[in-house]
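> pasting the structure only:
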Ligand SMILES: [Cu+2]
């Protein structure tokens with residue numbers, strides 16, 4: 001093959017690698033890792049590409065030198081082994097120094113990226129993620145407990161029906177089979193979001209590849225992470241820690257919307273969760289009575305919301321156990 005032929009075939013091999021790196025969610029037959037939609041995922045991608053290209057060049061040099069030596073200096077061409085050669089100090093210095101330099105070239109940016117990854121300061125908002133067998137609970141703390149938005153997110157019913165029916169899912173026409181939920185996590189774009197990640201029963205891990213990180217959700221420990229999504233869209237992920245028999249059935253869906261849409265969504269959620277207005281206001285002491293229940297209601301409501309999710313989780317366990325057994 002001519003030199004241009006070799007270059008052309010190499011380019012053809014690498015083209016899909018570059019093209020596929022653009023999509024946020026993994027694609028079928030994707031070869032390379034995705035670029036994602038956050039600064040952290042871009043960091044991970046660039047660190048990966050730097051290492052990949054260095055490996056690629058080393059591979060070409062090493063295998064090229066081997067092939068050249070084997071063909072050029074073969075016995076049938078009259079090559080004679082150099083039996084006096086034992087070592088070369090100069091070569092040894094070179095093949096020690098070059099890898100050290102390459103490691104430094106990779107380690108310096110990688111260290112900066114790791115610092116950046118754990119820098120959760122100056123976040124614009126906080127979301128608490130709690131893993132349960134087998135669903136997620138999301139909490140958006142408000143200025144007061146009454147403004148908290150809390151909901152659970154679990155596998156969509158259609159995927160669940162198909163998986164329990166024994167039908168071949170490829171024929172069932174369920175878009176995003178096992179990767180869809182009833183209530184997605186809605187977040188605003190262009191906002192630094194501080195995530196608090198924990199669990200309430202066993203260890204789970206919250207992982208959305210497009211965000212560029214995976215965080216363990218451990219009972220009794222609150223882990224941190226952050227994300228700033230710059231492109232609106234829907235990004236999917238899954239629990240990434242083997243957490244029981246339905247580990248594969250607790251997907252994650254993150255819906256990134258514009259800041260205005262998010263504000264509207266949050267207001268809608270708060271309106272939905274607001275305690276029903278007091279039906280019969282007392283005539284004489286309307287003002288003090290009105291303030292007292294308003295303050296008291298969220299305090300009562302919070303533990304109720306707290307216990308609702310584990311109850312759902314327990315119910316889910318029972319529900320899931322019946323058809324399986
Ligand atoms: Cu899990």
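The structure has been received and is ready for your questions. This structure is a prediction, so every number in the text was calculated from the model and none was measured.

> ok, which residues in the protein are in contact with the ion?
Applying CB under 5 Å from the ion, we find that the chain lies next to the ion at 204, 239, 243. The C-beta positions use only the backbone N, C-alpha and C, and glycine is treated the same way.

> The protein: helices as residue ranges?
3-20, 39-72, 89-117, 157-165, 259-273, 286-324 (DSSP state H).

> So for the first one, mean pLDDT?
Read it as helix 3-20. Averaging pLDDT along helix 3-20 yields 50.

> low-scoring pLDDT stretches of the stretch 151-300 of the chain, where are they?
Filtered on pLDDT under 70, the stretch 151-300 of the chain yields the residue ranges 276-300.

> Report pLDDT for residue 49.
94.

> Can you report how many residues neighbour it?
Close neighbours of residue 49, defined as other CB atoms under 10 Å, add up to 16.

> Next one: it from the ion, what distance?
Using CB to the ion, to the nearest Å, residue 49 is found at 30 Å from the ion.

> Can you redo the residues of the chain next to the ion as CSV, where the extra columns are neighbour count?
Listed next are these as CSV, based on neighbours: other CB atoms under 10 Å:
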residue, neighbour count
204, 31
239, 26
243, 21
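
> now the residue nearest the centre of the chain: how far from the ion?
The residue lying closest to the centre of the chain (CA atoms, centre = their mean) is residue 208, at 2.1 Å. Per CB to the ion, residue 208 is found 14 Å from the ion.

> for residue 275, same thing?
32 Å.

> Give the burial count for that residue, as a bare number.
So residue 275, with other CB under 10 Å, has 13 neighbours.

> before we move on, what about residue 168?
The number of residues packed near residue 168 is 8, by other CB under 10 Å.

> again with residue 119
12.

> so who does the closest residue to it other than its chain neighbours touch?
In space, not counting the residues next to it along the chain, residue 119 is nearest to residue 226; the distance is 7.5 Å by CB to CB, 6 or more residues apart in numbering. Contacts for residue 226 (CB atoms under 8 Å, 6 or more residues apart in numbering) come out as 40, 119-120, 123, 192-195.

> Would you check how far apart residue 226 and residue 238 are?
Counting by CB to CB, to the nearest Å, the separation of residue 226 from residue 238 is 20 Å.

> try residue 94
Look at residue 94 and residue 238: by CB to CB, they are 46 Å apart.

> and what of residue 47?
Using CB to CB, one gets 23 Å for the distance from residue 47 to residue 238.

> picking up where we left off before, out of the contacts of residue 226, which are buried?
40, 123, 192-195 (16 or more other CB atoms under 10 Å).

> So which of those residues is the closest to the ion?
Ranked by distance to the ion (CB to the ion), the buried ones among the contacts of residue 226 are led by residue 195 at 16.0 Å.

> List the ones among the buried ones among the contacts of residue 226 that fall in strands.
193-195 (DSSP state E).

> And for the residue of the stretch 1-150 of the chain found nearest the ion, the neighbour number?
Residue of the stretch 1-150 of the chain nearest the ion, by CB to the ion: residue 131 (5.4 Å). Residue 131 sits with 28 neighbouring residues when counted by other CB under 10 Å.

> Residue 216 is in contact with that one, correct?
No: the pair residue 131 / residue 216 is not scored as a contact, 9.3 Å apart, by CB atoms under 8 Å.

> Show me the common contact partners of the two, please.
197, 203-205.

> Compare these and tell me which is most surrounded.
Highest neighbour count within these: residue 204, with 31 neighbours (other CB under 10 Å).

> how's this protein carved up into domains?
As assigned by automatic domain parsing, the chain contains the domains 33-117, 125-275+295-324.

> Determine which stretch of those is the most buried.
domain 125-275+295-324 (a mean of 17; mean count of other CB atoms under 10 Å).

> Centre of the chain to that domain, how far?
The chain centre lies 13 Å from the centre of domain 125-275+295-324; the measure is CA atoms, centre = their mean, to the nearest Å.
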